[in-house]
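Engineer: coords please:
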Amino acid sequence: MPDFTCRDCGASFSVPLDVVERYPGWTPRQCLMCRDASRSSSAGAGRSAKTSRRSRGPQTTAEALARHDGGPTTGVFTDGGASPNPGPGGWGAVYVVDDEIVAEAYGHEEHTTNNRMELTALLAALDLVPEGTAATVYSDSNLAVRTINEWAEGWERRGWKRKTGPVENLDLVKKVYTGFKRRPELRLQWIKAHAGSRWNEYADALANRWRTEP
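Structural biologist: Below is the predicted model:
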């Protein structure tokens, strides 16, 4: 399925190929979550918050900790992105137990994409948790989560091929999928972006550290 970047939350999302082909020239601009939010009664407040977030630029890790206190308090939180997409980008991953940072990692590439940075962050997450330790790995990329949890197994059976064409970012997909398959004690789960989760916001700040703390 074609991949797009949400103009509101920056997350990657997919739209079935038959839907895209049904409307030539149409480029989806919002993921399903943000589209639904914009139609709800709280849409005005949501758009104001997003506009404010964009206007002040990416937050630092200290700001993320000061501004947010919601969401899970234990797990590995990952994020990644490019600005513009494709373009320079970064990734971040933080391992937290009972609201305390155990380990973290982050990095930057001069030319990359949102999806490659999301997958790179997941790959880093595998190294943060000691082998044999059960943990949930959270990513706000629905595409990355579904790729590893739902689709990669079938692609592997078919010799790493999709029915509709080649697997994008195959080098990273294979590494991340193999890593999670080797670590059954780790569970990969989607988490909504910019919904007040402290450690999702912290991972976002790590991914943007190349922009906020050059």
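Engineer: show me where the chain has its helices.
Structural biologist: All helices of the chain, identified by DSSP state H, fall at 17-22, 32-39, 43-56, 61-67, 114-128, 142-146, 152-157, 170-182, 198-207, 209-212.
Engineer: which neighbouring elements make contact with the last one?
Structural biologist: Packed against helix 209-212, as judged by 3 or more Cβ pairs under 8 Å, 6 or more residues apart in numbering; DSSP states H and E, are the following elements: strand 87-97, strand 100-112. Yep, even glycine has a C-beta here, placed from its N, CA and C like the rest.
Engineer: let's go with 10 Å and repeat that
Structural biologist: For helix 209-212, the elements it packs on are helix 61-67, strand 87-97, strand 100-112, helix 198-207, judged by 3 or more Cβ pairs under 10 Å, 6 or more residues apart in numbering; DSSP states H and E.
Engineer: hmm, who's touching the first one?
Structural biologist: Counting contacts by Cβ atoms under 10 Å, 6 or more residues apart in numbering, the residues outside helix 61-67 that touch it are 56, 58-60, 92, 94, 99, 101, 104, 106, 196-206, 208-209, 212-213.
Engineer: how close does Gly92 sit to Thr61?
Structural biologist: 9 Å (Cβ to Cβ, to the nearest Å).
Engineer: from the contacts of helix 61-67, which would you call buried?
Structural biologist: Buried members of the contacts of helix 61-67, counted by 16 or more other Cβ atoms under 10 Å: 58-60, 92, 94, 104, 106, 197-206, 208-209, 212.
Engineer: pLDDT of stretch 181-199, averaged?
Structural biologist: Averaging pLDDT along stretch 181-199 gives 97.
Engineer: quick check: the spatially most central residue of the chain vs Asp69, distance?
Structural biologist: By Cα atoms, centre = their mean, the mean C-alpha position of the chain lies nearest to Ser141, the distance being 3.3 Å. Counting by Cβ to Cβ, the gap from Ser141 to Asp69 is 23 Å.
Engineer: repeat for His111
Structural biologist: Going from His111 to Asp69 by Cβ to Cβ gives 36 Å.
Engineer: repeat for Ala193
Structural biologist: 17 Å.
Engineer: so between the two, which is more surrounded?
Structural biologist: Ala193 (24 against 12; other Cβ atoms under 10 Å).
Engineer: quick check: closest non-adjacent residue to that one.
Structural biologist: Excluding the flanking residues, the one nearest Ala193 by Cβ to Cβ, 6 or more residues apart in numbering is Asp140, at 3.8 Å.
Engineer: lowest-confidence helix or strand of this protein?
Structural biologist: Among the helical and strand segments of the chain, the one scoring lowest on mean pLDDT, DSSP states H and E is helix 43-56, with a mean of 43.
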